[in-house]
Structure formats: C-alpha cells, structure tokens
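Peer 1: Let me see the structure of the following:
(4 chains)
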Protein chains: 2
Amino acid sequence: MNAPRRGRPAGPTGPVIGRALQLLDAFDAEHRELTLSELARRADLPLSTAHRLMHELCLWGAVERGGDGLYRIGLRLWELGSLAPRGPGLRETALPFLEDLSLITRENVQLAVREGAEVVFVERIAGSGAVPVLTRVGGRFALTATGVGLVLLAHAPVEVQEEVLGSPIERYTAETVTDPARLRRMLADVRANGFSISDRQVTMDALSVGAPIRDRSGAVIAAVSLVVRHGSTTAHALARLVRTSAQAISRALSA
Amino acid sequence: MNAPRRGRPAGPTGPVIGRALQLLDAFDAEHRELTLSELARRADLPLSTAHRLMHELCLWGAVERGGDGLYRIGLRLWELGSLAPRGPGLRETALPFLEDLSLITRENVQLAVREGAEVVFVERIAGSGAVPVLTRVGGRFALTATGVGLVLLAHAPVEVQEEVLGSPIERYTAETVTDPARLRRMLADVRANGFSISDRQVTMDALSVGAPIRDRSGAVIAAVSLVVRHGSTTAHALARLVRTSAQAISRALSA
DNA sequence: TAAGAGCTTCCATTTTCCGGAAACCCCGCT
DNA sequence: AGCGGGGTTTCCGGAAAATGGAAGCTCTTA
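Peer 2: Okay, the predicted model is just below:
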C-alpha cells in the first residue's frame, strides 16, 4: 500500500538548492495546498527561511499563492514536468498500445520506468471488472515485487541489482520472495523469457505479468504489465501478449 | 593594471535559485535534451557554474543525465508538476465534461487558465473534422483574442485588465479588435452574457466561444471553449452549450 | 600527433544566504 | 475595547556557501 521510500534521496546537495527542493518535496498528492507554517514544518526549516525561499520560487512561477495565502505547485512547474522524456514523452507514444491491451484483455495495464532502486508508474489504465490496483500514476514502488519491477530490475545495471539484492527485501504477503538467491534465479528467467510473472507478491489476490520496452540500442528503458486476478489460468498467454505489445512499443519508440 | 579577477564578480548577479531556474528554463518542447554547453549557452551562465548547478539538480532528480551525457527533465519534476491544482488537478475533474462536449459537437474543445497576462492551455481535445487549431497543451497565448482569453480577461483583476488594455494589442488578422474601448465593451458583454464569442480574431477561418468556470466562492478560475469554423450559424447555440458545460464543471469542482 | 570541442575539478575571494528576534496582522474570546 | 494565539512578514550582522577563471581530462576529428 505504501510506497517504500518517498522523499529526497540522501546526498550532498548545496544548501540553497537543497532547501528549496525540500520545500517543494513537502507537496504530495494529499497536500496540494499548504500554508507557510505547514511547509516550514514539513520541510523542517525555520519559518523565515521557508518564507524567503518560497517567495523566490513564487516569483519564477514554480509555486503560486492563492488569495487565501495557501501555496500550491505552479503551472510553470507543470509545463516543465511535461517535458520529461521518460515521463509524458514515453507515455504519449505508448498510450495507443496500452489502450489496445486494455481493450483486448479488460485487465489493468501499467507502464513504468525505473528510477534508482524504485519503480515509478508513468501510466495506468484500470480494467473494467478487474482486481483493484493500489498504484497511482506518479506513484513509486519497490523493484522486487511487481511485474514491471522484476523486468526493470532484471535489466538494471549490476550495481543496482547488487544494492537491491544486498539489502533486506520488503515483504508484502506470505508469498513474497525475499530470498536473494531465489530472486536471482527469477531475474535470470525474466531475461531468458522476455517477460516476468509476479504471483501474489504484492497482494494475495493479484498476479502481474510484465515485459521490457527497449530503445533503439536495445537497452531496457521501461516496462509494461498486466495485473490480473490470482489463479487466472491464462497467465502465460497474457505474458506472451504483453511481450508482443512491449515489442511493438519498442519499435514505435525507435521510429 | 587590473589584478586578475577572482571570486564572484560585482554586478547584477542573481540569486542561486534564479540561476538554477534559468537553467531549467533552457528546456522547451523543441529542446528536451541538452548538453552542458548548450545549457550554459542558453541560460547565459559560465560553464563551471552550469556544471555545478546541474549536478545538484541531478542529485535530487529534477534533471537526469543519460549515458550519452545529455541532460533531460527528470521524473521527479514531472511528479511534482502533476500536483499543480490549476493544471492536472483541474484537468482531471473537467475531462469527462470536455469529452461530452467533444462527443456532442465533434468540434475542438479547450480548457485554459490565466497566468499573468497570458492564457495557458491545460487540455485540448481535437474535433474529428474540425478546423485545425494551433494551440498545444502547455502552450500560451495572448488574453485578448481567443474565446477563453476574453472570458479570463473579463473576470481578471482590474490591474491585469488595465495592464493588458493599456499596452498595444497584438493583431493576428484583419478582424482582430485592437481598440481598447471596443474591447472594454466586449468584456462587459462577456460578463453580462456569461459567455464570449471571438470571431476571426486569431485566424480568418475560425470562431471560438468560451465560458467561465468558477470555484466555490464564485471566482473565475478557468475557461472552456469550442473552436468551430467561421460562418457557423449555430454560434449562439454553441455558446449556450459551452456555458452550461462550464457551469456543470464549476459544480463538480465545488463538490 | 596535434588540434579542437566539450567536460570536470580546483580554489581564493566575497556575495549571498541564514535564521533569531521583533513587529505585524487577523481572528475569536472575555 | 482589550487580550491572547496562530500565522506571516521584515530586519540585519555574521558566516557559510556560491562563484567562475584556469588548468587538466577525455573524446573525436583531421
């Protein structure tokens, strides 16, 4: 349910920029409007510092201030964000294929990329009568459990794989695989098959199948998945379908 | 005579945040991927400064760097941008109504907000056989010409109206109204009627009708419009349709 | 091999940021 | 009116952090 880790990854970011970004980080889906005091509290900054920095951000349009004094994320930031090639860019070319998948299967379709040791969901189409899925566009999740996660982890740089497999692996259900050696074998399977199957790893009633999307050079840059009810006898058929769709998206991206 | 200048040179050098934002501003729809040198050139900053700042932004995830050394807008920024209430937030609740409008009329449907003295298009649904429209989601336009623009200007704070009417008004076609007095009368009509009609103001083959979207307090926060071929005899009928739709969206927002 | 274009690191200098404190503002309460 | 509390804004001396020229690196091209 909860994305594992939110917030800024630790790292030496200069004071000014760091603080400004801490403030922006105080906004999330449940807090789209914040007072100055709330912002200062959530970012753990002195009030006067928060005030000064928010004022600067306001001048540029990164944030806006309503007549009620509440701060909100500004349009300028939205415009900038829309330029992210791995976000809206990818989403745009993949969308028609995702819709096809959705129409054919009536299941949940998801598109995701990897950032660091996390999955970020870029698009999600809810299936009509399908299992409810907890993910949200823009949401994050661990790499180890979901269909998309396994695909992205299987094709991640070795350092990332080692980092993930070296640290304790979060358990979501009784079936969640937390043994590094077994995960390693699963990742090898994913690379060999060209798809992943994640059975009851996140919730006991769901199963997801994922497949890699590649750029022109063959590097894996994203993953698609279908999430279906656990016990579906068609998992392998769906996996092949997803794989085919992922290949079509890869071709569309290279064109 | 002069000792070699070390340290920060005197003069109108902006604050740190300003520089970082200048760098982000170097990205646009035509430049989603930039090298460090291009970035420094476009932001008019020394190479080493650009390098240091981009590095900091990278650590946080505001920008990303591909294996090819090119900088791109990062996912983190996209996530943040998606939290803008006036952008994606508004878009989300208005979308079903916009789709209804699109289905009923088969024309171009647009949703926009005002930022400063400009219109920002938040969503746009292209009509099937309709006039081609020049606008782009995230794009900007003058307040004086379009259907949405007239609505937003008519309900803008007096300072904004005076600023716009006081400066020379851009002309797009032979029909564009550039006389402040006449524009004032048009704005009064918009307020009285609850809709705007912009006939051949932007291109000679198009006409657009717009209506205001209000928040709970009755303040105008956005506008919807239909763009149809000039000469349509149904302009007033469409205007009433748009007005009704805008009212429905207003109610949905207040709920 | 050399030249060129771009990227990264270094560091002496001083500009800009920091944040406690105090004033300010707007309510609701007595 | 007078009072108290929560949030917001402004101020300013001290100190930390930002700055950018230059030198060193890494590629690619001639």
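Peer 1: and the stretch 51-200 of chain A, which residues reach chain B?
Peer 2: Residues of the stretch 51-200 of chain A found near chain B (CB under 8 Å from any CB of the partner chain) are A:53, A:56-57, A:60-62, A:64, A:67, A:72-89, A:113, A:115, A:120, A:137-138. Heads up, the C-betas are built off the backbone N, CA and C, glycines and all.
Peer 1: Up against DNA strand C, what does the stretch 51-200 of chain A have?
Peer 2: Residues of the stretch 51-200 of chain A lying close to DNA strand C (CB under 7 Å from any atom of the strand) are A:52-53.
Peer 1: for the stretch 51-200 of chain A, which spans come out with low pLDDT?
Peer 2: Across the stretch 51-200 of chain A, the ranges flagged by pLDDT under 70 are A:129-130.
Peer 1: For chain B, give me its nearest residue in it.
Peer 2: A:Gly81 (2.7 Å; CB to the nearest CB).
Peer 1: What are the neighbouring residues in contact with that residue?
Peer 2: A:87-88, B:73, B:77-82 (CB atoms under 8 Å, 6 or more residues apart in numbering or on different chains).
Peer 1: Do you have the helices of chain A handy? List them.
Peer 2: Taking DSSP state H as the criterion, chain A carries its helices at A:15-25, A:36-43, A:47-60, A:75-81, A:90-105, A:147-154, A:158-166, A:180-193, A:235-254.
Peer 1: Please state the offset of the fifth one from the chain centre?
Peer 2: Using CA atoms, centre = their mean, to the nearest Å, the distance from the centre of helix A:90-105 to the centre of the chain it belongs to is 17 Å.
Peer 1: From the contact counts, what lies against it?
Peer 2: Packing partners of helix A:90-105 (3 or more CB pairs under 8 Å, 6 or more residues apart in numbering or on different chains; DSSP states H and E): strand A:108-115, strand A:118-125, strand A:220-229, helix A:235-254.
Peer 1: Quick check: buried residues in that helix?
Peer 2: A:90-91, A:94, A:97-98, A:101-102, A:105 (16 or more other CB atoms under 10 Å in any protein chain shown).
Peer 1: same check, this time on the third one
Peer 2: The neighbour-count check on helix A:47-60 (16+ other CB under 10 Å) flags A:50, A:53-54, A:56-57, A:60 as buried.
Peer 1: check whether it contacts DNA strand D.
Peer 2: Yes. Using CB under 7 Å from any atom of the strand, helix A:47-60 reaches DNA strand D at A:47-48, A:51-52, A:55.
Peer 1: Return the distance of the residue lying closest to A:Ala126 once chain neighbours are set aside relative to A:Arg200.
Peer 2: Among residues not flanking A:Ala126 along the chain, A:Asn108 sits closest, at 5.9 Å (CB to CB, 6 or more residues apart in numbering or on different chains). Computed as CB to CB, to the nearest Å, the A:Asn108 to A:Arg200 distance reads 15 Å.
Peer 1: now A:Val122
Peer 2: 25 Å.
Peer 1: With neighbour numbers in mind, choose between those two.
Peer 2: A:Val122 (24 against 18; other CB atoms under 10 Å in any protein chain shown).
Peer 1: Of the helices of chain A, which is nearest B:Ala174?
Peer 2: helix A:75-81 (32.1 Å; CB to CB).
Peer 1: Convert that closest one to PDB, retaining C-alpha atoms only.
Peer 2: Taking Å, rounded to 0.1, in the frame of the first residue of the first chain, the C-alpha atoms of helix A:75-81 are listed here in PDB:
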ATOM      1  CA  LEU A  75       1.800  25.900 -13.700                       C
ATOM      2  CA  ARG A  76       5.300  26.700 -14.700                       C
ATOM      3  CA  LEU A  77       6.500  23.500 -12.900                       C
ATOM      4  CA  TRP A  78       3.800  21.500 -14.600                       C
ATOM      5  CA  GLU A  79       4.900  22.800 -18.000                       C
ATOM      6  CA  LEU A  80       8.500  21.900 -17.200                       C
ATOM      7  CA  GLY A  81       7.500  18.500 -16.000                       C
END
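Peer 1: Any idea how many residues pack against the residue nearest to A:Arg184 when sequence neighbours are not counted?
Peer 2: The shortest distance from A:Arg184 to any non-neighbouring residue, by CB to CB, 6+ apart, is to A:Leu165 (6.7 Å). Applying other CB under 10 Å, we find 17 residues neighbouring A:Leu165.
Peer 1: Whichever residue of the stretch 101-250 of chain A sits closest to DNA strand D and B:Val122: what is the separation?
Peer 2: As assessed by CB to the nearest atom of the strand, DNA strand D sits closest to A:Ser217 within the stretch 101-250 of chain A, at 14.1 Å. As judged by CB to CB, A:Ser217 and B:Val122 stand 35 Å apart.
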